[in-house]
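A.B. asks: fold the following for me, if possible:
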Amino acid sequence: MTDWLLKGLNEQAGQHQGPHAEGGERPHSWWKVMCLTGVDYFSTLGYQPGIAALAAGVLSPIATLVLVLVTLLGALPVYRRVAADSPHGEGSIAMLVKLLSFWKGKLFVLVLLGFAATDFIITITLSAADATAHIDENPFWPSSLRGHEVLVTLVLVALLGAVFLKGFTEAIGIAVGLVGVYLALNVVVVGQGLFQVVTHPSAVADWGTALTTQHGDPLMMIAIALLVFPKLALGLSGFETGVAVMPHVTGDLPGRIRGTKNLLTTAAVIMSVFLITSSVVTTVLIPQEQFEPGGEANGRALAFLAHENLGTAFGTVYDLSTIAILWFAGASAMAGLLNLVPRYLPRFGMAPSWARAVRPMVLVFTLTAFLITIIFKADVDAQGGAYATGVLVLITSAATAVTLSAHHRGQRGRTWAFGAIALVFAYTTVANVVERPDGVKIAACFIAGILLISLLSRLYRAFELRVTRIGTDETTEDFLREFGRRRIRLIANEPDRRDAHEYSDKIAQIIADNDLVDDRDILFVEVTVTDASDFETELNVRGELLHHRYRVLTMESSSVPSALAAVLLHIRDRTGRRPHIYFEWTEGNPAANFIRYLIFGQGEVAPVTREMIRQAEPDRNRRPHIHVG
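C.D. replies: Sure, this is the predicted structure:
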């Protein structure tokens, strides 16, 4: 069972596993990859018109037009820039991480991951809940099974998890088929609806009368549409997923960037056309009371029209297509989680090493989706706030990232333009949080959970050897060849002035502390701490001959004990001899020094180095010798 669960586990730094991250996968044309992200983006047609009508009433087409303008003039330019600046699928989070270092950068990533988890997990649960709504309202669905929305939704989420547990290798092919069928059926439903609108001017007149009666002033209409726009933010989903799947677009790096820009533009244009036309036909042709909770069009406006205007048989086919794409929208979100979480948390030491394997994470995310489904009782409307919060925070962070990127490059015009877009999304995010605070509450739960798990994981993995690769220069190799024929003695030294007195005094102190008889075969080793918040690092060892007699190995690392333990094991393997290393006892309180090690990468160096070697080498007779005087 362990072998099956951990299949594909990759412990190398900077690499991660996931259904869209395994090496050797064949790249695809950009329009095929567009369908992979489109199962999330296009599937919002299943519930977006109903949510817009419920939020804006007769103003739904105007509010939807605002959404389309924000999409084409705001989100699309932002993510085209993200695609150019982050072409390897890292997305906007990676762009912001580059601007921050040390622990504040890690904490910032954890917070953004909390919002991303909110977005993706709620995508799974909300889409499954809306698929359940389509199942429940279909006339062929047995009446005895109605009223069990939570159970049906849990079954759909479990089936999604089962797909990933078995293996998710044909995602793009399935997505192309689902998106093609779904969009074709929507063309029929929306086209027939537009035909009815054109041929029944009385329906348009009734809508116009209601519009002028409720909102006589055109400026007031626009103002109200702007105010309700945050409630329509679900129609902006899919952009973050669009840049996450960039590595699967065929071509070299410039070709991949061009393909991804085509992907984002085409998806945004298609969705914009459907959003406006579907909003018009649903608002004009469906009575307002049908959008209310309990109404037949609640959460399924286009499906309502399919049944009403095209018959039960076509409506059932439309329902099946909608159910399939809504269910598979969760697959897109699950893929995003499996690509995002292993990219950061295990590398930061903030998740167990098994978090790089697909199947354990699938179980974690599926169980989390179960919990969210039960808490929200599989209610689409109840989850809208949390979903919109996650989407808007990610888009706001992307807009901020590209604004800072343009500023750093001295592009003043683009800086102002992207800054204005960032302000629009910041306003939208704040307005959504004020209107529906449940979204930020659930995001806060995700953030708190990630922070707690990250802290516990970092403590649990505190003594894990973190060096992924060791590189040595020619001078270091000469030292090892020379010392490999004799006893190898290393002195751990914290570099200060690096003059002759520092090294001679250090040798004298070590000889006195450890009752050595001579100073032959001495090799100094010095570690400079870079970013102590990093967990996994590569080690480049450089050899120096200082003051014509002192041989010194220098390196940079996020942790002094980890670097020393890795070097000792490397020397043992390289020379076939067990080296000796000599330390001083660290002055001060041991507990305080341990905290210093956790935060700053130094402190109780000798005991921690010894513990890392003990965990890395189970055979006591092969461990390097640790001396502390």
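A.B. asks: and the gap between Val189 and Ala303?
C.D. replies: For Val189, the distance to Ala303 (Cβ to Cβ, to the nearest Å) stands at 8 Å. For glycine as for every other residue, the C-beta is placed from the backbone atoms N, C-alpha and C.
A.B. asks: go on, Thr312?
C.D. replies: 12 Å.
A.B. asks: more crowded one of these two?
C.D. replies: The neighbour count for Thr312 versus Ala303, taken as other Cβ atoms under 10 Å, is higher for Ala303 (28 against 14).
A.B. asks: for the more buried one, give me its contacts.
C.D. replies: Taking Cβ atoms under 8 Å, 6 or more residues apart in numbering as the criterion, Ala303 is in contact with 46, 134, 137, 315, 318-319, 322.
A.B. asks: what about the residues you listed, which are in helices?
C.D. replies: Using DSSP state H to define helices, the subset of the contacts of Ala303 located there is 134, 137, 315, 318-319, 322.
A.B. asks: angles on the backbone of Thr468, please.
C.D. replies: Backbone torsions of Thr468, given as degrees, to the nearest 10, read phi -90, psi -20.
A.B. asks: next: Val249.
C.D. replies: Backbone dihedrals for Val249, given as degrees, to the nearest 10, come out at phi -80, psi 130.
A.B. asks: which neighbouring elements make contact with the helix or strand bottoming out on mean pLDDT in the chain?
C.D. replies: Comparing every helix and strand of the chain by mean pLDDT, DSSP states H and E singles out helix 218-228 as the least confident one, with a mean of 72. Counting contacts by 3 or more Cβ pairs under 8 Å, 6 or more residues apart in numbering; DSSP states H and E, the secondary-structure elements packed against helix 218-228 are helix 48-56, helix 60-70.
A.B. asks: re the thing from before, and the ones in helices among the contacts of Ala303, which two are furthest apart?
C.D. replies: Glu137 and Tyr318 (11.6 Å; Cβ to Cβ).
A.B. asks: of those two, which one has the most company?
C.D. replies: With neighbours defined as other Cβ under 10 Å, Glu137 and Tyr318 compare such that Tyr318 has more, 26 against 19.
A.B. asks: buried ones in the strand or helix carrying Ala443?
C.D. replies: Using DSSP states H and E, the element containing Ala443 is helix 438-460. By 16 or more other Cβ atoms under 10 Å, the buried positions in helix 438-460 come out as 439-440, 442-447, 450-451, 453-454, 457-458.
A.B. asks: helices of the stretch 301-450 of the chain, start to end?
C.D. replies: Counting by DSSP state H, counting those that start in this stretch, the stretch 301-450 of the chain has helices at residues 301-344, 358-376, 380-408, 412-435, 438-460.
A.B. asks: in JSON lines, list the ones in helices among the contacts of Ala303 along with distance to Val552 and pLDDT.
C.D. replies: What follows is the ones in helices among the contacts of Ala303, written out as JSON lines (distance: Cβ to Cβ, whole Å; pLDDT from 0 to 100):
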{"residue": "His134", "distance to Val552": "70", "pLDDT": "77"}
{"residue": "Glu137", "distance to Val552": "75", "pLDDT": "76"}
{"residue": "Gly315", "distance to Val552": "78", "pLDDT": "89"}
{"residue": "Tyr318", "distance to Val552": "74", "pLDDT": "91"}
{"residue": "Asp319", "distance to Val552": "73", "pLDDT": "86"}
{"residue": "Thr322", "distance to Val552": "68", "pLDDT": "88"}
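A.B. asks: chain center to the least confident helix or strand of the chain, what's the gap?
C.D. replies: How far helix 218-228 lies from its chain's middle: 35 Å, per Cα atoms, centre = their mean, to the nearest Å.
A.B. asks: can I get that helix in PDB? Just the C-alpha atoms.
C.D. replies: What follows is helix 218-228 as a C-alpha-only set of coordinates in PDB (Å, rounded to 0.1, in the frame of the first residue of the first chain):
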ATOM      1  CA  PRO A 218     -29.000  55.400 -16.600                       C
ATOM      2  CA  LEU A 219     -26.200  56.700 -14.400                       C
ATOM      3  CA  MET A 220     -27.800  55.000 -11.400                       C
ATOM      4  CA  MET A 221     -28.000  51.700 -13.500                       C
ATOM      5  CA  ILE A 222     -24.300  51.900 -14.100                       C
ATOM      6  CA  ALA A 223     -23.500  52.700 -10.500                       C
ATOM      7  CA  ILE A 224     -25.600  49.800  -9.300                       C
ATOM      8  CA  ALA A 225     -24.000  47.500 -11.800                       C
ATOM      9  CA  LEU A 226     -20.500  48.500 -10.500                       C
ATOM     10  CA  LEU A 227     -21.700  47.800  -7.000                       C
ATOM     11  CA  VAL A 228     -23.000  44.300  -7.700                       C
END
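A.B. asks: can you tell me the helix or strand for Tyr582?
C.D. replies: Counting by DSSP H and E, Tyr582 is found in strand 580-583.
A.B. asks: coming back round to it: now do the helix holding Ala443 against helix 380-408, angle only.
C.D. replies: With axes from the mean of the first three to the mean of the last three Cα atoms, to 10 degrees defining the directions, helix 438-460 sits at 70 degrees from helix 380-408.
A.B. asks: and helix 438-460, what does it pack onto?
C.D. replies: By 3+ Cβ pairs under 8 Å, 6+ apart, helix 438-460 packs against helix 102-137, helix 380-408, helix 412-435.
A.B. asks: and the contacts of it?
C.D. replies: The set of residues external to helix 438-460 that reach it, using Cβ under 8 Å, 6+ apart, is 107, 110-111, 113-115, 117-118, 121-122, 345, 348-352, 372, 382, 385-390, 393, 432-433, 535, 598.
A.B. asks: pull out the buried members of those.
C.D. replies: Burial by neighbour count, 16+ other Cβ under 10 Å: within those this picks out 110-111, 113-115, 117-118, 121-122, 345, 348-352, 372, 382, 385-390, 393, 432-433, 535, 598.
A.B. asks: and the residue of the chain positioned farthest from its centre, what does it touch?
C.D. replies: Taking Cα atoms, centre = their mean, the residue of the chain most remote from its mean C-alpha position is Val517, at 57.3 Å. With contact set as Cβ under 8 Å, 6+ apart, Val517 has these partners: Ile511.
A.B. asks: same check, this time on the one 10 residues further on
C.D. replies: Shown here is Val527, whose contacts under the criterion Cβ under 8 Å, 6+ apart are 492, 554-557, 560, 563-564.
A.B. asks: returning to what we had before: name the helices or strands packed onto the strand holding Tyr582?
C.D. replies: For strand 580-583, the contact count by 3+ Cβ pairs under 8 Å, 6+ apart identifies strand 489-492, helix 500-514, helix 605-616, strand 625-628 as packing neighbours.
A.B. asks: so which of these comes closest to Thr209?
C.D. replies: Go through those one by one with Cβ to Cβ and the one that ends up closest to Thr209 is helix 605-616, at 76.4 Å.
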